[in-house]
Structure formats: C-alpha cells, structure tokens
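> Take this sequence and fold it.
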Amino acid sequence: MKFILRSILVAAPVVSAAVLSPSLPLDLLSNVTQSSPSSVSTLTPSLLEAPGSNLALPTSDLPDRRFTVTMATRSSLLPVNSALINILYFMSIVAGQHFTHQLAPRRYSTPRYRDVSITSFAYTEARFLLWGVFSAVADMVKNVRFHDVMLSLYWDDELVGKIQIAVTRPLSLVGGAGNVTQDLANQLAQPKSGTSSGNTTLIEPVFGNKTDSDLESFNSSAFNDYNAQRATVIFESIAGGGVVNRNDVFLTFYTALIHVAHFSIEDQMQTFQSDPPSRKACLHMQDMRTVCQYGDVIFALLYVPKYMMEHSDFGYRETEFFVKLNGEPACLGTFEKKLLWVER
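Alright, predicted model coming up:
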C-alpha cells in the first residue's frame, strides 16, 4: 500500500475518552489527542496497487481519494492478535450500518482480546470509521509497527472524526458481558435511516465497554426481523491448499468488509471478489441457490479469520467455506493466495 507521508503539528491538550460527551462537537475534536506521541504522519491512500501491477482495485474496496488520515503513534506496543481481532470486530459492526450513517461514539472490545480497544469520539459516518481503521492497520502491517495510535479523520481536509486504537485495561462492563455475534446482530438490526446530509436520524448511543464471547452459533434473524433462518459456516479443504500469511488473511477480509458495507444487510448478495492492497491473496464470494444476504456475509467475514487464529490445527490457509441457512448452502467463499504475485 502506498501512502503520502508528511509531518504535521500535534494538538496539545489531552482529553480522556471517559469524560467525552456523546454529543462532542466536531470543532472540539482537535483537542482530543494522545499524550506524547512518538511520531505523527498523514496517510493519503493512492492507487493501492501492488508493485509492478497495472490493475486497480474495485473502487468500492478503497478509501475515497478525498479522505485522509493523520496518525499520532505512541511507543506503546499493541498485542498484534488482539489488535487484528478487535479491528475485525469493529469493522464487522460498522459495515452493517448504512455507509453514510452517523454512528454514536463508543468503545469496542472483545473479551478474549480485551487488552486492545477501539474508541470513537463523536458521531461519525460509518464510511469514515471504516476507511480510517483500514488505512491505519494497512500502514501497521506494511511498516511492521503495531503501536497505540490516535487517528484524525479528514474529508476534503475537514476534520470529521477521531479514533483511538490502544492497549487498555479490562474495565467493569456496562450492562454485563456480551456476545460478539449477538452484539454484532443487535447493531445491524437497528434502524438505518439517515445520511450525512439533511435531517439525519442518529443511532442511539451505545456506551461502556461492549464485549463479545466465542463465535459458536449465530441466529441471522437478529440481523433483520423477518429472517428466522440460522446461519452456520462450514469449511471445505482445497486440494493442495497452502499456508497464507496471517496479516494477508486479515487484510483480505477487512477489504471484503469495506466492499460489503456499501450494501444493505437485507440485500441479496451478488458474487464479488476482494483483494487486499498487497494482492497476495483474494476472497471470492459466490451466491448459490438459497438467498444469501449481506448480513450473513458479514457474519462469515467475522467468523473465518477468528476461527483460523483460534484453531492452530486449522491455521491460516487457503480454504473454501459455505454459509448455510437452515442447512442449505446459501453462498460459497473461496480464500486463496494470488498465483500471479511476484515480489519486486
């Protein structure tokens, strides 16, 4: 991934996430920053092509060129697995909302990996949250530097939000422990009216340290009221399937989540392919006889990388997987390395 980097000045005051108002005006976001960042840079996504490639990624899989991210990085190291999983969880929830819907400020964290949390600081459009976190993690992977970071999000050079990805201590839970799939389902089931312009209908704020538990079962009716089908993911081995780098696995599924975020969770999935910026792997999702909705796809995109991480006997590898509804195959996912990739 190619980025344009430039040095900038850092805002001085520090505002703790614990004391931020849920209705914090955007003009006050400039005061929300990390204490003593070790480095500050601005990321401007370019063509996001692999070296030597003349193929552009689908527009829907890329941050818009009018969008930029400023990263204030501290020396504190992020546990890589926890960071990758929490970013996956964050993007799964946000991808299920209307692409230009304003999401309330909240903290995202999962129980097995709660040593990392992601916090948004004001009502922010879903697309900006997705693009910001995606740009940050792509930079972390590229430069092999997983550190605490404060992200300032800009649209046409105007500040539109801030996100912090940081090591955190376990906090007392507000409302009790949650379940990652149920929390995800509850978020996706909320009304999705409202956009970035006009009279926007905002999602009700979710405060506290929302958490999840194991991904064991999932009722897709929680994604939408009229669907009472049960979704499961079944893996199929690929003959001669090889091992894939962990970071390439997660970047591929992150990219797919950005693609899916453009559609309503109730829409029928259309066959698509997503490639990460490195082009070292790809994910192909194909619809089948049973109607598969994008809400079901989001569940699978959350489930598969987490399963690979937590099952060392399976590991990070090329695989096919079926999303089944009521036992019937609804869509087929094929995750594999790109055979034409050449290091330069």
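> ranges for the helices of the stretch 51-200 of the chain?
All helices of the stretch 51-200 of the chain, identified by DSSP state H, counting those that start in this stretch, fall at 80-95, 126-143, 180-188.
> Quick check: the gap between residue 304 and residue 311.
Remark: distance between residue 304 and residue 311 (Cβ to Cβ, to the nearest Å) = 11 Å. In this view, the C-beta of every residue, glycine as well, is placed from N, C-alpha and C.
> among the helices of the stretch 51-200 of the chain, which is the most enclosed?
Here the criterion is mean neighbour count by mean count of other Cβ atoms under 10 Å, and of these the winner is helix 80-95, at a mean of 24.
> downstream neighbour of the helix or strand bottoming out on mean pLDDT in the chain in the secondary structure list?
Of all helical and strand segments in the chain, the minimum by mean pLDDT, DSSP states H and E falls on strand 209-210, at a mean of 33. In the C-terminal direction, the helix or strand that comes right after strand 209-210 (DSSP states H and E) is strand 231-237.
> confidence score at the nearest residue to residue 86 once chain neighbours are set aside?
Counting by Cβ to Cβ, 6 or more residues apart in numbering, residue 116 is the residue found nearest to residue 86 once chain neighbours are left out, at 4.8 Å. Here, the pLDDT recorded for residue 116 equals 96.
> Could you verify my assumption that residue 116 touches residue 107?
No - applying Cβ atoms under 8 Å, one finds residue 116 not in contact with residue 107, separated by 10.9 Å.
> Which residues outside whichever helix or strand residue 320 is part of are in contact with it?
Element membership of residue 320, judged by DSSP H and E, is strand 319-325. The list of residues contacting strand 319-325 from outside it, by Cβ atoms under 8 Å, 6 or more residues apart in numbering, reads 220, 229-238, 241, 290-292, 296-297, 299-300, 304, 329-335.
> 7 Å instead, please
Identification of contacts with strand 319-325 by Cβ atoms under 7 Å, 6 or more residues apart in numbering yields 220, 229-238, 241, 290, 292, 296, 300, 304, 329-335.
> can you pull the contacts of residue 134?
Residue 134 sits in contact with 63, 254, 258, where contact means Cβ under 7 Å, 6+ apart.
> now, among those, which is nearest to residue 147?
Using Cβ to Cβ, the shortest approach to residue 147 within those belongs to residue 254, at 18.5 Å.
> secondary structure class for that closest one?
Secondary structure for residue 254, judged by DSSP: H, G, I helix; E, B strand; the rest coil, is helix.
> Give me the neighbour count for it.
Applying the criterion other Cβ atoms under 10 Å, we find 28 residues in the vicinity of residue 254.
> before we move on, what about residue 316?
For residue 316, the neighbour count with other Cβ under 10 Å is 20.
> That one touches residue 246, doesn't it?
Yes - applying Cβ atoms under 7 Å, one finds residue 316 in contact with residue 246, separated by 5.1 Å.
> ok, for residue 83, nearest residue in space, not its chain neighbours?
Leaving out its chain neighbours, the residue that sits closest to residue 83 by Cβ to Cβ, 6+ apart is residue 116, at 5.1 Å.
> contacting residues around that neighbour?
Shown here is residue 116, whose contacts under the criterion Cβ under 7 Å, 6+ apart are 78-79, 82-83, 86, 109, 167-168.
> and which of those is nearest to residue 98?
For residue 98, the closest of the contacts of residue 116 turns out to be residue 86, at 22.7 Å, with distances computed as Cβ to Cβ.
> got a pLDDT number for the closest one?
Residue 86 is assigned 96 on the pLDDT scale.
> I'd assumed residue 111 was in contact with it.
No - counting by Cβ under 7 Å, residue 86 sits too far from residue 111 to count as a contact (10.8 Å).
> Residue 133 contacts residue 91, correct?
Yes - with contact defined as Cβ under 7 Å, residue 133 and residue 91 form a contacting pair (6.4 Å).
> Which of the contacts of strand 319-325 are buried? Put it as a PyMOL command.
Typed into PyMOL, the line below selects the buried ones among these, using 16 or more other Cβ atoms under 10 Å:
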select buried, resi 220+229+231+232+233+235+290+292+296+300+304+330+331+332+333+334+335
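> Name the SS class of residue 297, please.
Residue 297 carries the three-state label helix when classified by three-state DSSP.
> That concludes my questions; thank you for your assistance.
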